[in-house]
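# Predicted model, plus sequence, below.
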Amino acid sequence: MDPDAGSSSPSSPRSWPAWVEQVRGSPGALVALAIAGVAVVFVGAFVVSRRSEHVVPIEARMPSADAVELPPVTSGEIHVHVAGAVVTPGLYRVRVGARVAEVVEAAGGFAADART
């Protein structure tokens, strides 16, 4: 029984197609194959770069300021989410125009580990 009969290692002549064996034995064929490979890479890069020239840019259109007119908010209350180094983080209702210090005070003030 032949010990190499079931072998599929690359060093075995039986595992390579005939054209590969011919290229392996001829330095000129190796150079021609390398040149063909480089040409394929350049042609592929050229085709890919040409496609990017035909891309149509997407335009973002913002509605004009005249499209929706809202009245200014001058009175009432707003909800403010307070997080971070405060005693009691959470959602607080404060008057319109409230300062940050007022919101921090509503959250119980700064925590002991706050960097102020």
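Perfect, thanks for sending it.

# give the contact list for Val38.
Contacts here follow CB atoms under 8 Å, 6 or more residues apart in numbering; on that basis Val38 touches nothing. (C-beta placed from N, C-alpha, C; glycine too.)

# can you give me the offset of the host helix or strand of it from its chain's centre?
Assigned by DSSP states H and E, Val38 belongs to helix 27-53. Chain-centre distance of helix 27-53: 29 Å, with CA atoms, centre = their mean, to the nearest Å.

# Repeat that for stretch 79-89.
32 Å.

# What of stretch 61-81?
With CA atoms, centre = their mean, you get 33 Å for stretch 61-81.

# Ends of it, what's the gap?
Stretch 61-81 has an end-to-end distance of 31 Å (CA to CA, to the nearest Å).

# So, low pLDDT: which residues of the protein?
Of all residues in the chain, those with pLDDT under 70 make up the ranges 1-14, 50-56, 63-67.
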